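>>> could you work out the structure for the sequence below:
(2 chains)
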Amino acid sequence: MTLFLTVLINGCILGSVYALVALGLNTQYGVAHILNIAHGEFIILSAFITMTLYAGAGLHPLVALAVAGPIVFAISFVLHRTLYKRVKDMSANIGEFEGNAILVAFGIYFIVQNLMRDKWGSATSGYQFMAFPVRIGPADIAANNLFVLLWAVVICVVYYLFLMRTRTGKAIRAAAQDAGAAALLGVKINTIMALCFAIGGLLAAFAGVLISMKEPFTTVSGMNYTTIAFIVVVLGGLGNVKGAILGGFILGIVGYAVSTYDTGMMFAVFYLIVLVLLIVRPKGLLGR
Amino acid sequence: MELIKTAFFGSTKSKVQLIGVIAALVILFLSPQFLNTYMPNFLAKLIAYVVLSLSWTIFSGKTGYISLASAAFYGLGMYIEALFGMNIPLPVVMVFAAAVAFAVAFGVGVVTLRLRGVYFTIFTFGLALFLQKSILWIEVKFFHTKGRMVLAYSNEAVFYCVLVVFAILIFVVILMNKSRFGLALDCIGQNEDSAQHIGVNTTMTKVLAFAISAAPAGAVGAAIGTSIGYVDPDIAFNMLLSFLPVLMAIFGGMRSMYGPIVGAVIFFVLQDYLMREYANLYMIIFGAVMVVVILFMPKGIFGLVDKAIAKRQRNFDGEVIGDVK
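Residues are numbered from 1 along each chain as shown, chains lettered A, B, ... in the order given. Okay, the predicted model is just below:
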């Protein structure tokens, strides 16, 4: 029972971060059709910004949400306006665009990762924040982990409400369903696509800030988060917001359960889940 | 038989091509006689890149399904050599590595290529990482080690092994381009629905082409593995090698067989130079080149050449000849 509760709580903590990471990627793919391989790099960039602010200027890590967030948002917006828009205009159809966009994203991945490596080196980095245990029932959970869970859930809920309750959110949902029809109905489709790509970056930045509070990171660990985001997105259904959140939590719980048995098996199990899913239900758990 | 006849002797163009290819292979075959001992090593790696880029084009260049699994097959070959190379001679291991790569690709293809769209790319992208982590786990858990020593062969031996793979590959590509199979692949790339309507078994064609394209990567992986001396999962499965073939093929241009070859040669020489002179900047430059190539020369060097020729002809005749787009 104790083990079960520990796995459940820790799994949810891991899952909340996965959900956030996947939500960003899903927004970028679902609307802008960019499978952003550089997603993880912006997570790591934000983690380093947070660390610099915390260790250097003594600012609370949450302040970094307001610093790293807008920076990555702006970078992503500009990237879409300059590079991806051009690639989109060049490509004959959506399939060709998706292919070219992946390659451009890979170029950006390389540039960002190596700029970071020049600046911060390749050693493992991290800082101590709220590193004391909290007792929940029979389980001891680190306070920073609970803090991360809380904020990840808040961000997910706010983003969900933004999509469902605001006019811009409605436009984004329309663009995700049928970009052509949405454009005919007066949605500024290019702005919405750039915005979605930027929002994806914003969510990556938020995820990076939260990740930096709970675990160490290196300039080369971005690809791990990108891969996990891919898996979660396939699990929940490509372009499905609720699916990404649900998939994140499921993968988090499964991942933590496996890692209590043997950490080395975690990724193999994730991959087998995708394999089975593609055979049985390729549209994902909540896919249409 | 009929196919071989049309592919190699069907027209003047194909005869010239055949003579050119054989001449190039003979020159390459004799080259170690005239070069210093370092050069065969350099050339072996260069040809390995060419093989990766050309074999990637067999499937992805034609159908438009982007495979990011080159590193997985290459690494698989390398690891198989590390496992069996001590007891079994290299050429045998290479054949075995090619067979394993073929089988893995076939399995992956059966699962993912039934589906259209981006699933294939996502899955192949994760494949290298999956193999890397799984093999690492097996090694640590059951063999209490992280990597393995690999038996070294002379530079020349490795060079000839890789050259044979290249020679086989190039003849397979020429044959494929003239065959119904190659036409079916082209057709899938242009419009998959139409391909299905005119009776192409699209799934089977895609799966088979993907498996064929994986085999040479496995074989050259095994050969190059011997020149490293020590292989562990992190070394064998390098994500960069999943993207390099794509970039090299696009850089050269995929309209003809020579595009990926030229692209790979230019890229390898450039990489060799940049890594020696600007080791820190190399990766950043690589990323920038990737973006620039996609944005400004999506049809590659050969595309630029086509464009220049079309422009000249237009100036001469006052009208557009050929596809300038």
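
>>> and B:Met257, its phi and psi?
Per-residue torsions, B:Met257: phi -60, psi -30 (degrees, to the nearest 10).

>>> my guess is it meets B:Val172, correct?
No. Here B:Met257 lies out of contact with B:Val172, judged by C-beta atoms under 8 Å, at a distance of 10.7 Å. All C-beta atoms are positioned from the backbone trio N, CA, C, and that covers glycine.

>>> who in the stretch 1-150 of chain A is up against chain B?
Applying C-beta under 8 Å from any C-beta of the partner chain, we find that the stretch 1-150 of chain A lies next to chain B at A:29, A:35, A:37, A:83, A:86-87, A:90, A:95-96, A:98-100, A:102-104, A:106-111, A:113-115, A:118.

>>> filter these down to the buried ones, ChimeraX style.
In ChimeraX syntax, the buried subset of these is picked out as below (16 or more other C-beta atoms under 10 Å in any protein chain shown):
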select /A:29,35,37,83,86,87,95,98,99,100,102,103,104,106,107,108,109,110,111,113,114,115
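
>>> okay, buried residues for the helix ranked longest in chain A please.
Across chain A, the longest stretch assigned as helix under DSSP state H is helix A:2-32. Neighbour counts over helix A:2-32 (16+ other C-beta under 10 Å) mark A:6-7, A:9-32 as buried.

>>> and the pLDDT for A:Pro61?
With respect to pLDDT, A:Pro61 scores 86.

>>> what sits against it?
With contacts defined as C-beta atoms under 8 Å, 6 or more residues apart in numbering or on different chains, A:Pro61 is in contact with A:50, A:53-54, A:129, A:209, A:212-213.

>>> can you give me the strands in the chain?
Just so you know, I chose chain A. Here chain A has its strands, by DSSP state E, at A:133-136, A:139-142.

>>> let's do chain B instead
Using DSSP E, strands in chain B cover B:148-149, B:230-231.

>>> would you turn the strands of chain A into CSV with mean neighbour count and mean pLDDT?
Below are those laid out as CSV (neighbours: other C-beta atoms under 10 Å in any protein chain shown; pLDDT from 0 to 100):
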stretch, mean neighbour count, mean pLDDT
strand A:133-136, 11, 81
strand A:139-142, 16, 81
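
>>> give me phi/psi at A:Gly186?
phi 100, psi 10.

>>> pLDDT score assigned to it?
87.

>>> wait, B:Glu95 touches B:Pro216, no?
Just to correct that, residue B:95 is Val rather than Glu. No. Assessed by C-beta under 8 Å, B:Val95 is found out of contact with B:Pro216, at 11.5 Å.

>>> for the chain, which spans come out with low pLDDT?
No chain specified, so I'll use chain A. A:288 (pLDDT under 70).

>>> look at chain B instead
B:314-325.

>>> please list the residues of it that sit near chain A.
B:64, B:66, B:68, B:111-112, B:114-115, B:117-119, B:121-123, B:125-126, B:129-130, B:133-134, B:136-137, B:140-141, B:239, B:243, B:246-247, B:250, B:280, B:283-284, B:286-291, B:294-295, B:298.

>>> give me the buried subset of these.
Taking 16+ other C-beta under 10 Å as the criterion, what is buried in these is B:64, B:66, B:68, B:111-112, B:114, B:118-119, B:121-123, B:125-126, B:129-130, B:133-134, B:136-137, B:239, B:243, B:246-247, B:250, B:283-284, B:286-287, B:289-291, B:294-295, B:298.

>>> do you know how far B:Cys161 is from chain A?
30 Å (C-beta to the nearest C-beta, to the nearest Å).

>>> which ones are touching that residue?
B:44, B:90-91, B:94, B:153, B:223 are the contacts of B:Cys161 under C-beta under 8 Å, 6+ apart.

>>> same question for B:Gly300.
Neighbours of B:Gly300 in contact, by C-beta under 8 Å, 6+ apart: B:249-255, B:259, B:263, B:293.

>>> just the closest of the contacts of A:Pro61 to chain B, please.
Distance to chain B across the contacts of A:Pro61 (C-beta to the nearest C-beta) is lowest for A:Ser212, with 22.7 Å.

>>> the nearest residue to that closest one once chain neighbours are set aside - how many residues pack around it?
Leaving aside its chain neighbours, A:Ser212 sits nearest to A:Ala47 (3.8 Å; criterion: C-beta to C-beta, 6 or more residues apart in numbering or on different chains). Close neighbours of A:Ala47, defined as other C-beta atoms under 10 Å in any protein chain shown, add up to 34.

>>> what sits against A:Phe162?
A:168-169.

>>> A:Ile141 now?
Shown in contact with A:Ile141 (C-beta under 8 Å, 6+ apart): A:6, A:9-10, A:13, A:133-135.

>>> out of those residues, flag the one nearest to A:Gly201.
Distance to A:Gly201, by C-beta to C-beta, is smallest for A:Ile13 among the contacts of A:Ile141, at 23.5 Å.

>>> quick check: that closest one vs A:Phe249, distance?
For A:Ile13, the distance to A:Phe249 (C-beta to C-beta, to the nearest Å) stands at 10 Å.

>>> do the same with A:Ile43
18 Å.

>>> between the two, which has more neighbouring residues?
A:Ile43 (33 against 20).

>>> need the contact list for the more buried one.
A:21, A:204-205, A:207-208, A:211, A:222, A:225.

>>> and the nearest residue to it once chain neighbours are set aside, how many neighbours?
The spatially closest residue to A:Ile43, leaving aside those adjacent along the chain, is A:Gly208, at 4.0 Å (C-beta to C-beta, 6+ apart). A:Gly208 is flanked by 31 other residues according to other C-beta under 10 Å.

>>> got the contact list for A:Gly208?
A:42-47, A:49-50, A:68.

>>> cool, B:Val21 as well?
Taking C-beta under 8 Å, 6+ apart as the test, what B:Val21 contacts is B:170-171, B:174.

>>> show me those residues that map onto helices.
Per DSSP H, these map to helices at B:170-171, B:174.

>>> what residue is smack in the middle of chain B?
B:Leu52 (2.2 Å; C-alpha atoms, centre = their mean).

>>> residue contacts, the residue lying closest to that residue once chain neighbours are set aside?
Closest residue to B:Leu52 apart from its sequence neighbours, by C-beta to C-beta, 6+ apart: B:Pro245 at 4.3 Å. When contacts are counted by C-beta under 8 Å, 6+ apart, B:Pro245 touches B:49, B:52-53, B:55-56, B:70, B:260, B:264.

>>> let's go with 7 Å and repeat that
Contact analysis of B:Pro245 by C-beta atoms under 7 Å, 6 or more residues apart in numbering or on different chains lists B:52-53, B:56, B:70.

>>> and the furthest pair within those?
With C-beta to C-beta as the measure, no two of the contacts of B:Pro245 lie farther apart than B:Ser53 and B:Ser70, at 8.7 Å.
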